[in-house]
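[1] model the following, please.
(one chain, ligands or ions: 1)
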Amino acid sequence: MPEKRTPIIIGSDHAAYDLKEKVKVFLVERGIDVEDVGSHSEDSVDYPDFGIKVASMVSGGKFERGILLCGTGIGMSMVANKFPHVRAALCTDLFSSIMSRRHNNSNILVLGGRVVGDILAMEIVKAWLETPFEGGRHQRRLEKFDRIDTAMTVS
Ligand code: RB5
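    This next block holds a predicted model:
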């Protein structure tokens, strides 16, 4: 589990509503506080609205870690990675989930509800929660992300 059971902010669109609900149960059963920004049903919605809610909170430091879900996970990844300090990782397998933490210090996990089955999704979430960032040369590389954020900031 993450250090100090870091609270998780979570959001999805209609296409991954069902998986979001299951991930929430998985987190709560492990004693993790979950802030759910929606959506709250399978009615059609626009995924950017929910991606923006989660990514802005992680970007601004209100939450250390978040989880986003949509049909493929692609749209949510695109939205989330527009935000400074967000390192969103779309993971469809266990290895990517582990490496996104070890090497990329991913702070948003993205899942595709129409891509991964429930059991694999939970394994991906568990590994993502439990795997620490390795730091070292990877920290140096991530610091180069900050330069992009600075360069892209319009004054
Ligand atoms: C919704 O139909 C779908 O486009 C969305 O969930 C997602 O897959 C977008 O990337």
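[2] state which helix of this protein is the longest.
    helix 137-152 (DSSP state H).
[3] what comes up buried for that one?
    Using 16 or more other Cβ atoms under 10 Å as the test for burial, helix 137-152 gives Leu142. Backbone N, C-alpha and C define where each C-beta goes, glycine included.
[4] which element is Pro132 on?
    Using DSSP states H and E, Pro132 falls within no helix or strand.
[5] and it, how many residues sit next to it?
    For Pro132, the count of nearby residues is 10 (other Cβ atoms under 10 Å).
[6] just Arg102 next, same as before
    Residues lying near Arg102 (other Cβ under 10 Å) number 15.
[7] and Leu129, by the same measure?
    Applying other Cβ under 10 Å, we find 22 residues neighbouring Leu129.
[8] Val45 now?
    Val45: 18 neighbours (other Cβ under 10 Å).
[9] pLDDT at the closest residue to it other than its chain neighbours, what is it?
    Sequence neighbours aside, Ser39 is the residue nearest to Val45 in space, at 4.8 Å (criterion: Cβ to Cβ, 6 or more residues apart in numbering). pLDDT recorded at Ser39 is 98.
[10] show me what contacts Ser39?
    Applying Cβ atoms under 8 Å, 6 or more residues apart in numbering to Ser39 gives the contacts Gly11, Ser12, Asp13, His14, Tyr17, Val45, Phe50.
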